[in-house]
Structure formats: structure tokens, C-alpha cells
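K.L.:
Test case, fold it:
(2 chains)
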Protein chains: 2
Amino acid sequence: MVTSYTETCETPGITAAGADPDFLKFTPPADAEFLHYGFCKSIDVIPMTPDGKPTPALLTRAALESADIPHVVINAGSKIAPKLPYIETGLVPGKNIALEPGLEESAVHQAIDYGEKIGKMLARSTDCLIIGESIPGGTTTALAVLNSLGFRFNVSSSMPNNPKNLKDEIVAKARKRLELPDSKDLHKILANVGDPMIPFVFGMLSSASDSTKVILAGGTQMSAVLAVGMHLGYNMYNTSLATTSYIIDDKSCSLLGNVRSVSDSSILSINPKLEDSKFSGLRAYSEGFVKEGVGAGGSMIASMLKTGIDSQKLLELIDKEYERVSSSK
Amino acid sequence: MVTSYTETCETPGITAAGADPDFLKFTPPADAEFLHYGFCKSIDVIPMTPDGKPTPALLTRAALESADIPHVVINAGSKIAPKLPYIETGLVPGKNIALEPGLEESAVHQAIDYGEKIGKMLARSTDCLIIGESIPGGTTTALAVLNSLGFRFNVSSSMPNNPKNLKDEIVAKARKRLELPDSKDLHKILANVGDPMIPFVFGMLSSASDSTKVILAGGTQMSAVLAVGMHLGYNMYNTSLATTSYIIDDKSCSLLGNVRSVSDSSILSINPKLEDSKFSGLRAYSEGFVKEGVGAGGSMIASMLKTGIDSQKLLELIDKEYERVSSSK
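P.N.:
Numbering: from 1, shown residues only, chains lettered A, B, ... in the order given. Next up is the predicted model:
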């Protein structure tokens, strides 16, 4: 689970991950802590909207626990370090791409290099490496990277009314910096309009897919990683993208077609049937809120593949986890 | 490779790791960086005395490279984080045990717990986990822990004139805090007179030895880890202690007997024949300087076991590494 940050998320209205900019930067470490402990240390509550829509880390945790799948947290540019043992990369948080380049170009190279090293190490420990992320505002930087690489994607959102115009505005501002003649180089694109997560996770994918199966657990952001991979290379036959049906069925984007245009890797989707949950906060996922994140889709698929449980049983575990969290508040 | 720190090292005359207290805190990250890159980033030079005695990390690096053995750096309480991808534990540096408890008691529990988690993860990736350390002043805290647990050990030193009296004075001051009636508990001992490395590496040993072979690469400090293990348990049949003959042959301590009294684990020793080196800085090891550290002994043994090279060939590689480092200054 990769925690990261782009100041792009501080644009009002861009993300559901946290309404208050001061709070936003705590989302990645809080997600990591929740995954690890079942509660958070950097903040007093678990990341949840005031009306009870929880972080997707809740689905991820229920899924990983159900199948006894170990996890490791990697900090690749989060503003706040998680309070648990984790892998630190020393990468700095991304800047707001509407205002300035997201990263130094040297940081792009460093992120890929560090990702390769860590991916190689983790690949040794498993026959299937699942990579998830927590980076507020990350779909906007992903959109900017995809568009700059020539793909006219629409991207998904953590909110039912996808703030497309706002995202497009930010992307247009960021891409202005790419109008210079020598700015079409991939690393320049990633530096100008990207975030630290994309090159870092690409680095992980690149080395890990050499020697083991890799599941990129996510939607839009992971498709940006695959788009980078189309240029820089990886083993696509060892790679899958896995996400929730809420992303695949999102009519405001077209993830399936988008991924197809950047990769021949397989695509896995799970419908966790959250509309049948006992809790309105979870049912909201099926109504277009949150949808995915923290590797939730990939983790649920991995749990079902490893243990053979069905989505009915998995939903029971997710409901139980929600109940535990709500009653411990 | 575990980096850590105890302010005990700031006592003048206690360690060869760095003469200047301001410089001492850079030794662990510099050792880690040298291992990783072949040069340092936190300081301009590699850790070496003015007259050319290099850090044992030079031996470790030559050995690991010769056998293509991967490594990972774990920060367990170093004052300065290394500039490379590493595992962060969030543990705080140890205090000077002559003046105050080395750690909070809660930090001892946390160090063991984090060590167990990381040990379990790393054990999955290898059939033999070699654990080395870099903690200036660490033999003094190790001595204090061993004495407090009832072992009248003498300990080794990075200097030919082992400053035994100075160490004994510090240990006596630290042990004064253990005279209270309820202070004989192991965790209290580790908190009062120890450093973050000892409980952390014990945690790693404890979980990793459950599922894979473990080599504790070091002398005195690793014997303190084994002494903790005698109380808290680990799989000693999966465990070895490995070090250089400079430690085993050190007449100022008696490591062999000491380890025998705390563990039935096997003991491995290597004579790297540095007296035959082309460089006086390396020959100094055979004259009682430095002797061991950063897992040098265990790494050289692992290299020979994995590749079948003899100590003659290994010395050539070590000399070559010294030459490279000296000429790039």
C-alpha cells in the first residue's frame, strides 16, 4: 500500500477524501494505520465523511484479514508519515500542478529507481504482489498524465457528480507548461503534470513483474501507471489491473476502454454488492460515492481467489468491520 | 542492516566510530548509504578514520556484492535517516544510559513488536536472513544489558585499548537505576540500560527464526540479543551468530564462552586475513582496530557459503573496494 500526496488535492471541490485541506494530508497515513491496526493513530477517527461513508481502507482491511494476506506500507511522498513500521523512500510530496510542476525531473528518476528496488525486494516474498495507493486528488494528476501522453480519457471520481470541469481546468493549466518544444519527453511530462505515486508505482511494477504476478489495485490512477509502462516497458503478461465494478460501471469515465488502449494486461472487476449492506455509509459506494481506493477492489478479488469465499460472505465481513469501527468511536 | 543510536556513544573515548560527537550520529546512515550506493550521501566521505581505517561496511559491501546478496536497510532509532529507500520503524534514538533510562518501557515493547512484524516479512523473502547493525557505542549498552541479566561478560571494542573502565563506569551508573525492588523485569532492564537496537533485533530474530534460518552478524551486541532471547524465546536451532576472528580472538573479552552461556545456537567465525591486505587501513583490523560491525563477519561467511570463493579471493575484492573508495575521494 503506497501512501503519497499531491497538493493538487487542496483545490476546493476536487476530492471527497477530506473536506478540510488540513485534514487531507492525514488521509494517507490514516488509511495506512487503519489497514495496519484497525484504528488510526495520526487522527482520532477513521477517515469517514460526517454522514458515515468510510474510507475504502475498510473494505481492504476486511478483505486482507479474511484471507490472511500480509501487507506492507510504503511512503512515497505523503506529507505525514504513518505511525507504524513502513518503507520510507524519502520522496517529497507533489506540488499543485495547476500552479507549478508536480515534481522535479530528478525526483521522477529517483521515484522510478526506488520503486524498482522496492518492487524487486517485495516480489521475492510473494507469488502475487498487489499494489494499492492512497493519494488524495490523485485522479486529477492521473488525468493530466494520461492526456499529456495522448489519451483522451475521462477519469473517475470519489464523488457522484464528477467535478470534470474543475479537473479539466487544472489539467489544462498544467499542460500549458508542456507547450515548449523539448517538453514531450516522458520524464518531463511526469514531472510537470504528475505526482510521486505514478512513477514510483511504475518502478515497482517494472521490476516486480519481471519475477512475479502483479495486481495493480485501482482504477484511473493505475491506468496512468500502465500508460507509463507502455513507454518504459514491463511484463504485461504478469500484470493485471483489478478494481471494483463501481469504477468499471462509472458512466462518467470508460475505464475498460481506457485500460485497453494502454495495455494488453487482464482486467479484473468485483461487485462487492454493497447495496445490500446494513449500513447506509457502505450502500453509498453503490450510489457513486468513493467507489475504490487503498487497493480495495484488488484486495477483495485476492481474498476470494485465495479463500474461495463468495461476495455474500465477504459483505458480511465488511459489515462486521463497519460495525466494529462504528461502535468503537 | 539495522541502523540505530544511543547517546551513550557521545561519552568521550567510548568508540572509534567517529571522534566528533556531531559526526557520530551520521555514522549509521553513512554506513547504510555506503552499503547501498558505494558512496555516502549524508556526509561527503565514507566513514573512515583520518589515518585510513575504513568502516566495516566496506567489508560488508564487498562480500554482499561478490555473492549478489540483496540487502535492506531498517532504521530503528538512528538520529539521522539514511538517504535511500529503507524501512522506517518510528523508534526514537536511545538516551545516554549513564544519565537516564535509554528508552521508555513502552518503546521496548514497541521495538520488539515492530521487529517481529518486519522479521516476519523479511523471512518470507529468503532462506537465510542475515541481520547486521550500525549503532555507535552499542557495545556499552550491550554490556549493561548482559550484566543486568546476570552475565559477567567482558565486551569487545572498536579500539585496541578497550576502554573497559570507562564502559564499566557507565554500566555501573546505569545499573543503579535497577536497584529498586520491582526493576528486575526484562523489559525494565532493556528500558533502563539498553538501546533501541537490542529489543528490535530480538523481535526480528524471534519471528524470523520461526520460519527461516537467521544469522546474527556481529559480536557483543548480538550476544546481548541472544541473552534477551534466552528469556523471551526464539528458535535457536534456526539461529547462528557469525562474526570475525578478530572478535573471537579478542583476549579482552571472551565472546565464545559468553555466547555459549546464553545460547545453544551455532557460532561461525571468519578470518578475512586482512593482515595480507595491500592497505594499512585494512591491515589495522588485524591489529585490533574496528574488528567487526555492519554485519561484516556474517556477510563474508555468507558470500563464501553461497559462491564458494576462498578468503584469498575475498580479500582481493575487499582490497579492490578499498582502492575504488580511496581513488574516488
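
K.L.:
Quick one: residues in contact with stretch A:291-298.
P.N.:
A:1, A:17, A:31, A:35, A:55-57, A:59-60, A:63, A:130-134, A:156-158, A:215-219, A:242-244, A:246-247, A:250, A:268-270, A:285 (CB atoms under 8 Å, 6 or more residues apart in numbering or on different chains). For the C-beta atoms, the positions are set from N, CA and C on the backbone; glycine is no exception.

K.L.:
Using CSV, write out every CA atom in that stretch.
P.N.:
Taking Å, rounded to 0.1, in the frame of the first residue of the first chain, the C-alpha atoms of stretch A:291-298 are listed here in CSV:
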residue,chain,number,x,y,z
LYS,A,291,-16.1,3.7,-5.3
GLU,A,292,-12.5,2.5,-4.9
GLY,A,293,-9.1,3.3,-3.3
VAL,A,294,-6.4,1.8,-1.0
GLY,A,295,-6.4,-1.3,-3.3
ALA,A,296,-10.0,-2.3,-2.1
GLY,A,297,-11.0,-3.9,-5.4
GLY,A,298,-7.8,-5.9,-5.9
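
K.L.:
what about it, distance to the chain center?
P.N.:
Offset of stretch A:291-298 from its chain centre (CA atoms, centre = their mean, to the nearest Å): 7 Å.

K.L.:
Let me see the mean pLDDT of it.
P.N.:
Average pLDDT, stretch A:291-298: 95.

K.L.:
try stretch A:113-133
P.N.:
Here the average pLDDT along stretch A:113-133 is 93.

K.L.:
What subset of the contacts of stretch A:291-298 is buried?
P.N.:
Among those, those scoring as buried are A:1, A:17, A:31, A:35, A:55-57, A:59-60, A:63, A:130-134, A:156-158, A:215-219, A:242-244, A:246-247, A:250, A:268-270, A:285 (criterion: 16 or more other CB atoms under 10 Å in any protein chain shown).

K.L.:
now, which of these lie within helices?
P.N.:
Secondary structure from DSSP state H places A:Asp31, A:Leu35, A:Ala57, A:Leu59, A:Thr60, A:Ala63, A:Tyr246, A:Ile247 of these in helices.

K.L.:
The fourth one: what's it in contact with?
P.N.:
What that stands for is A:Leu59. Residues in contact with A:Leu59 (CB under 8 Å, 6+ apart) are A:Pro272, A:Val294, A:Ala296, A:Ser299, A:Met300, A:Ile318.

K.L.:
and if you look at A:Val145?
P.N.:
Residues near A:Val145 by CB under 8 Å, 6+ apart: A:Ile189, A:Leu190, A:Val193, A:Gly194, A:Ile198, A:Ala224, A:Ala227, A:Val228.

K.L.:
cool, and A:Glu65?
P.N.:
Contact analysis of A:Glu65 by CB under 8 Å, 6+ apart lists A:Leu317, A:Glu321.

K.L.:
Which secondary structure element is home to it?
P.N.:
In the assignment (DSSP states H and E), A:Glu65 maps to helix A:57-66.

K.L.:
if you average pLDDT over that helix, what comes out?
P.N.:
Averaged over helix A:57-66, pLDDT sits at 96.

K.L.:
Same check on stretch A:163-173?
P.N.:
pLDDT averaged over stretch A:163-173 gives 91.

K.L.:
Flag every buried residue along it.
P.N.:
Here stretch A:163-173 shows A:Pro163, A:Leu166, A:Lys167, A:Asp168, A:Ile170, A:Val171 as buried, counting by 16+ other CB under 10 Å.

K.L.:
go on, stretch A:267-282?
P.N.:
A:Ile267, A:Leu268, A:Ser269, A:Ile270, A:Pro272, A:Lys273, A:Leu274, A:Ser277, A:Phe279, A:Gly281, A:Leu282.

K.L.:
Quick check: the farthest pair among those?
P.N.:
A:Ile267 and A:Phe279 (28.7 Å; CB to CB).

K.L.:
For the closest residue to A:Ser269 other than its chain neighbours, the count of nearby residues, please.
P.N.:
Nearest residue to A:Ser269, sequence neighbours excluded (CB to CB, 6 or more residues apart in numbering or on different chains): A:Ile248, at 4.6 Å. When neighbours are defined as other CB atoms under 10 Å in any protein chain shown, A:Ile248 has 22 of them.

K.L.:
Model confidence for A:Ile248, exactly?
P.N.:
pLDDT, A:Ile248: 93.

K.L.:
For it, give its distance to chain B.
P.N.:
As for A:Ile248, its distance to chain B is 32 Å (criterion: CB to the nearest CB, to the nearest Å).

K.L.:
got a list of what that residue touches?
P.N.:
Listed by CB under 8 Å, 6+ apart, the contact set of A:Ile248 reads A:Gly219, A:Leu255, A:Leu256, A:Ile267, A:Ser269.

K.L.:
try 6 Å this time
P.N.:
Neighbour list for A:Ile248: A:Leu255, A:Leu256, A:Ser269 [criterion: CB atoms under 6 Å, 6 or more residues apart in numbering or on different chains].

K.L.:
Put together TSV for the residues you listed, with pLDDT on each row.
P.N.:
Formatted as TSV, the contacts of A:Ile248 follow (pLDDT from 0 to 100):
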residue	pLDDT
A:Leu255	88
A:Leu256	90
A:Ser269	96
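
K.L.:
Pick out whichever of those sits closest to B:Thr307.
P.N.:
Using CB to CB, those come closest to B:Thr307 at A:Ser269, 46.9 Å.

K.L.:
Ramachandran coordinates for the closest residue to A:Lys41 other than its chain neighbours?
P.N.:
What sits nearest to A:Lys41 in space, not counting adjacent residues and going by CB to CB, 6+ apart, is A:Lys83, at 3.9 Å. A:Lys83 adopts backbone torsions of phi -90, psi 80, taken as degrees, to the nearest 10.

K.L.:
Kindly tell me how buried A:Lys83 is, as a neighbour count.
P.N.:
The number of residues packed near A:Lys83 is 16, by other CB under 10 Å.

K.L.:
and the gap between the residue nearest to A:Ser269 and B:Val145?
P.N.:
As judged by CB to CB, to the nearest Å, A:Ile248 and B:Val145 stand 57 Å apart.

K.L.:
Identify the bridge partners of A:Ser240.
P.N.:
A:Ile215, A:Ser266 (DSSP bridges).

K.L.:
Contacts only, for it.
P.N.:
Residues in contact with A:Ser240 (CB under 6 Å, 6+ apart) are A:Ile215, A:Ser265, A:Ser266, A:Leu268.

K.L.:
quick check, nearest of these to chain B?
P.N.:
Nearest to chain B out of the contacts of A:Ser240 is A:Ile215 (CB to the nearest CB; 17.6 Å).

K.L.:
so who does that closest one touch?
P.N.:
By CB under 6 Å, 6+ apart, the contact set of A:Ile215 is A:Ile130, A:Ser240, A:Ala242, A:Gly298.

K.L.:
Considering the contacts of A:Val145, which possesses the most neighbours?
P.N.:
A:Ile198 (35 neighbours).

K.L.:
In three-state terms, label that residue for me.
P.N.:
At A:Ile198 the chain is in helix, as set by DSSP: H, G, I helix; E, B strand; the rest coil.

K.L.:
hang on, isn't it packed against A:Ser223?
P.N.:
No. Applying CB atoms under 6 Å, one finds A:Ile198 not in contact with A:Ser223, separated by 10.4 Å.

K.L.:
quick one: low-confidence ranges for chain A?
P.N.:
Applying pLDDT under 70 to chain A flags residues A:16-19, A:181-183, A:329.

K.L.:
what does it have sitting close to chain B?
P.N.:
A:Pro85, A:Tyr86, A:Ile87, A:Glu88, A:Thr89, A:Tyr114, A:Lys117, A:Ile118, A:Arg124, A:Ser125 (CB under 6 Å from any CB of the partner chain).

K.L.:
any chance of these in JSON lines, with neighbour count and secondary structure too?
P.N.:
JSON lines is the format used below for the residues of chain A next to chain B (neighbours: other CB atoms under 10 Å in any protein chain shown; DSSP: H, G, I helix; E, B strand; the rest coil):
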{"residue": "A:Pro85", "neighbour count": "25", "secondary structure": "coil"}
{"residue": "A:Tyr86", "neighbour count": "24", "secondary structure": "strand"}
{"residue": "A:Ile87", "neighbour count": "23", "secondary structure": "strand"}
{"residue": "A:Glu88", "neighbour count": "24", "secondary structure": "strand"}
{"residue": "A:Thr89", "neighbour count": "27", "secondary structure": "coil"}
{"residue": "A:Tyr114", "neighbour count": "25", "secondary structure": "helix"}
{"residue": "A:Lys117", "neighbour count": "19", "secondary structure": "helix"}
{"residue": "A:Ile118", "neighbour count": "25", "secondary structure": "helix"}
{"residue": "A:Arg124", "neighbour count": "15", "secondary structure": "coil"}
{"residue": "A:Ser125", "neighbour count": "16", "secondary structure": "coil"}
